[in-house]
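In: need a structure here:
(one chain, ligands or ions: 1)
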Amino acid sequence: MSLVVLTKEQFYEQGEKLFGKNRRDWVFCCEWCKFEQSFNSIKKQLNEKGFIKSMRYGIITEKNLDELQPKPDQECLSENCNYVSYGLIGSGLEVDDNRYLMLKGMTKLNKCDAS
Ligand SMILES: [Zn+2]
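Out: Residues are numbered from 1 along each chain as shown. Okay, here's the model as predicted:
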């Protein structure tokens, strides 16, 4: 298994290049189930449907959003998947090929090329 390491700065640089400066717009993709999510996509679903279903939290409503504080950068909020990647943005980013939430559009190749 090859290990790919990005510094936090490299990760932020990639994120801004892909989605702009507002981190709430950054779309993360779960490597396990391919679910795509951002903070704003969660808010949008809540506005449209009134709730989202998450394996991790069950039903999330606007009301308990603050209390739950789901972290789209660290945990998969899919209905069918419970994957967690603690501290992805909070710490220096160290990932292996198979187990992390990554930014949509961020490929292994550009991870390897990031320097
Ligand atoms: Zn997932």
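In: when you work out contacts or count neighbours from here on, use the C-alpha atoms and nothing else.
Out: Will do.
In: isn't residue 35 up against residue 29?
Out: Yes: Residue 35 lies in contact with residue 29 (C-alpha atoms under 8 Å); the separation is 5.6 Å.
In: tell me which of these two has more neighbours.
Out: Taking neighbours as other C-alpha atoms under 10 Å, residue 35 and residue 29 compare with residue 29 leading, 23 against 18.
In: run through the helices of this protein in chain order.
Out: For the chain, the helices defined by DSSP state H cover 8-19, 39-49, 62-68, 108-113.
In: okay, those helices in a markdown table with mean neighbour count and mean pLDDT next?
Out: Putting these into a markdown table (neighbours: other C-alpha atoms under 10 Å; pLDDT from 0 to 100) gives the following:
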| stretch | mean neighbour count | mean pLDDT |
| --- | --- | --- |
| helix 8-19 | 16 | 81 |
| helix 39-49 | 15 | 91 |
| helix 62-68 | 11 | 84 |
| helix 108-113 | 12 | 36 |
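In: which stretch among those comes nearest the ion?
Out: Nearest of the helices of the chain to the ion, taken as C-alpha to the ion: helix 39-49 at 14.4 Å.
In: about what we covered before: in a markdown table: the helices of the chain, plus distance to residue 25.
Out: What follows is the helices of the chain, written out as a markdown table (distance: least, C-alpha to C-alpha, whole Å):
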| stretch | distance to residue 25 |
| --- | --- |
| helix 8-19 | 6 |
| helix 39-49 | 6 |
| helix 62-68 | 17 |
| helix 108-113 | 20 |
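In: in CSV, list the ones you listed along with distance to the ion.
Out: Listed next are the helices of the chain as CSV, based on distance: least, C-alpha to the ion, whole Å:
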stretch, distance to the ion
helix 8-19, 20
helix 39-49, 14
helix 62-68, 18
helix 108-113, 18
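In: out of the ones you listed, nearest to residue 80?
Out: Residue 80 sits nearest to helix 39-49 of all the helices of the chain, at 15.6 Å, using C-alpha to C-alpha.
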